[in-house]
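S.K.: with the input below, show me the fold.
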Amino acid sequence: MTTYRAVFGIREFRALFVARLFTMTAVVLSSLALGTVMFRETGSPFLTAVSLFGGPLVQLVTARYLLASSDLLRPRTAMVLMAVVATTTATLQTLPGLSWWARFLILAGGYVAMAATSGTVLALLSDIVPKETFVLARATMNITVGGMQIIGNGVGAVLLVVFSPSWLFGIAALVSVAAGVTARIGLVDRPPRAAGKVVERSRRVNRELLTSPVLRPLYLMMWVPNGLVVGCEALFIPYAGNHAGYLLAAGAVGMLAGDVVVGRFVPEALRDRLVLPLRGLLAVPFLVFPLSPPVPVAAVLVGLSAFGYAASLPLQERLVRHTGDEVRGQAFGLSSTGLMTGQALGAVLAGGLAQLLGAPRAAGWAMAVMALLSLLVTALLRGGLRRSAHPEHQVR
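M.R.: Numbers count the residues shown, from 1 in each chain. Next comes the predicted model:
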């Protein structure tokens, strides 16, 4: 099964795809609205960056105790729970007169729930489709991310010219309801993947995954170079102001193109060898930003960089290969938590660096520094990554 038609022929995959599409629409609109409000009200690049990407730091703290829920909860129940929480947090953000710290508390509440369910979607995807089709199915799911970032940021940027950010929060709440309804109606009510106590199992399996000499470099390659480049993206609003939505949309175009090309047309053996070149491509375009390229040129550079996010596909393929079924939800949950935490730390670091520099071109120089750090980490992880190139080791 190697075609989009065959993948979409699976009824549950169609339901999962649509639910994910609604979810990502809500995420994009809420994120753009929150970043815009934060920058308008505080004028701080640091607080703006944290509002866009800082939430996963909360997820990191709670994931140690809750992450096993990705395997211990019924998958459909977990997805409906995520939708309910997203609806609630988006609705609360529409309340007038909220201080910046109150908005951060609301944001944190959503990420506590996410810590308990972050591995659900990918683990469920690995159940729905045959293993040999996982990369194509994963790339297809990524299309929802790229497509909704293009549409959401583009439409959101237009709406913000006419309406207040509260409108975007309201739309996000309604779309989250649609995501929950789609998951409830379209997915089979599968039993939990495992049994046990949440806290004890979370800590034990996390320890096994993170101490594995095969999986640890794999996780770090997923998290750190990616997170540092996301720090560059966290500075789009300080760099481009009201035009930041177009840079975010350009990044989504590049990411979408990478997922389509690498996921659909590149054979597995070549795909696996492209991890390091794609990680390099992710960082190099941001080395140009100290020259303050105009928004159209910057958009092209951002799109080129985002093509490099496709390295996540062969990395996740290796993760499936090296983990057993009974821990796969937590393995993907850890992957998601670490990825988002890396993005949050990258955003905090980039925002703090731009705030420290304080010059008119601070955002561009901070982006270049983050890109150089990403290239350095990629080079340092090269040796350890070789250990996951063969399928002998598996964590169960």
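
S.K.: nearest spatial neighbour of Tyr4, skipping sequence neighbours?
M.R.: Nearest non-adjacent residue to Tyr4, counting by C-beta to C-beta, 6 or more residues apart in numbering: Thr140, 6.5 Å away. All C-beta atoms are positioned from the backbone trio N, CA, C, and that covers glycine.

S.K.: what packs against the host helix or strand of that neighbour?
M.R.: Applying DSSP states H and E as the criterion places Thr140 in helix 134-162. In terms of contacts (3 or more C-beta pairs under 8 Å, 6 or more residues apart in numbering; DSSP states H and E), helix 134-162 is packed against helix 4-8, helix 11-42, helix 120-128, helix 165-186, helix 244-260, helix 312-321.

S.K.: and the shortest one, what other elements does it pack with?
M.R.: Which is helix 4-8. Helix 4-8 packs on helix 11-42, helix 134-162, going by 3+ C-beta pairs under 8 Å, 6+ apart.

S.K.: now do stretch 4-13: distance to the chain's middle.
M.R.: The gap between where stretch 4-13 is centred and where its chain is centred comes out at 23 Å by C-alpha atoms, centre = their mean, to the nearest Å.

S.K.: the helices and strands packed on helix 134-162 into JSON lines, with extra columns for mean neighbour count?
M.R.: Conversion of the helices and strands packed on helix 134-162 to JSON lines gives the following (neighbours: other C-beta atoms under 10 Å):
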{"stretch": "helix 4-8", "mean neighbour count": "14"}
{"stretch": "helix 11-42", "mean neighbour count": "22"}
{"stretch": "helix 120-128", "mean neighbour count": "23"}
{"stretch": "helix 165-186", "mean neighbour count": "20"}
{"stretch": "helix 244-260", "mean neighbour count": "24"}
{"stretch": "helix 312-321", "mean neighbour count": "21"}
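
S.K.: circling back: which of the helices and strands packed on helix 4-8 comes out lowest on mean pLDDT?
M.R.: Lowest mean pLDDT within the helices and strands packed on helix 4-8: helix 134-162, a mean of 74.

S.K.: starting at the chain centroid, how far to the helix holding Thr140?
M.R.: How far helix 134-162 lies from its chain's middle: 12 Å, per C-alpha atoms, centre = their mean.

S.K.: can you list the buried residues in the helix or strand hosting Ala331?
M.R.: Following DSSP H and E, the helix or strand that holds Ala331 is helix 328-357. Within helix 328-357, the residues that count as buried by 16 or more other C-beta atoms under 10 Å are 328-355, 357.

S.K.: by mean pLDDT, flag the weakest helix or strand of this protein.
M.R.: helix 56-66 (a mean of 68; mean pLDDT, DSSP states H and E).

S.K.: check which element follows that helix along the chain.
M.R.: The helix or strand immediately downstream of helix 56-66 is helix 69-72, counting by DSSP H and E.

S.K.: and the helix or strand following that next one, what does it pack against?
M.R.: Using DSSP H and E, the helix or strand that follows helix 69-72 in sequence is helix 75-93. Counting contacts by 3+ C-beta pairs under 8 Å, 6+ apart, helix 75-93 is packed against helix 11-42, helix 100-117, helix 120-128, helix 165-186.

S.K.: relative to helix 165-186, how tilted is helix 75-93?
M.R.: Put simply, helix 75-93 runs at 160 degrees to helix 165-186, going by axes from the mean of the first three to the mean of the last three C-alpha atoms, to 10 degrees.

S.K.: contacting residues for Asp189?
M.R.: The contact partners of Asp189, taken as C-beta atoms under 8 Å, 6 or more residues apart in numbering, are Arg74, Arg76, Thr77.

S.K.: how about 10 Å then?
M.R.: The contact partners of Asp189, taken as C-beta atoms under 10 Å, 6 or more residues apart in numbering, are Arg74, Pro75, Arg76, Thr77.

S.K.: among the residues you listed, who's most crowded?
M.R.: Ranked by neighbour count (other C-beta atoms under 10 Å), these have Pro75 at the top, with 27 neighbours.

S.K.: isn't that one right next to Ala19, touching?
M.R.: No: with contacts counted by C-beta atoms under 10 Å, Pro75 stays clear of Ala19, the gap being 11.3 Å.

S.K.: any shared contact partners between those two?
M.R.: Counting by C-beta under 10 Å, 6+ apart, the common neighbours of Pro75 and Ala19 are Val121, Ala183, Leu187.

S.K.: so which of the helices and strands packed on helix 134-162 is nearest Arg207?
M.R.: helix 312-321 (16.9 Å; C-beta to C-beta).

S.K.: which strands and helices sit next to that closest one?
M.R.: Contact partners of helix 312-321 among helices and strands, from 3 or more C-beta pairs under 10 Å, 6 or more residues apart in numbering; DSSP states H and E: helix 120-128, helix 134-162, helix 215-233, helix 244-260, helix 268-273, helix 275-283, helix 328-357.

S.K.: would you convert the helices and strands packed on helix 75-93 into TSV that also reports distance to Val158?
M.R.: Converted to TSV, the helices and strands packed on helix 75-93 look like this (distance: least, C-beta to C-beta, whole Å):
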stretch	distance to Val158
helix 11-42	11
helix 100-117	23
helix 120-128	29
helix 165-186	11
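
S.K.: closest to Gly241 out of those helices?
M.R.: Shortest distance between Gly241 and these, using C-beta to C-beta, is found for helix 11-42: 8.6 Å.

S.K.: noted, bye for now.
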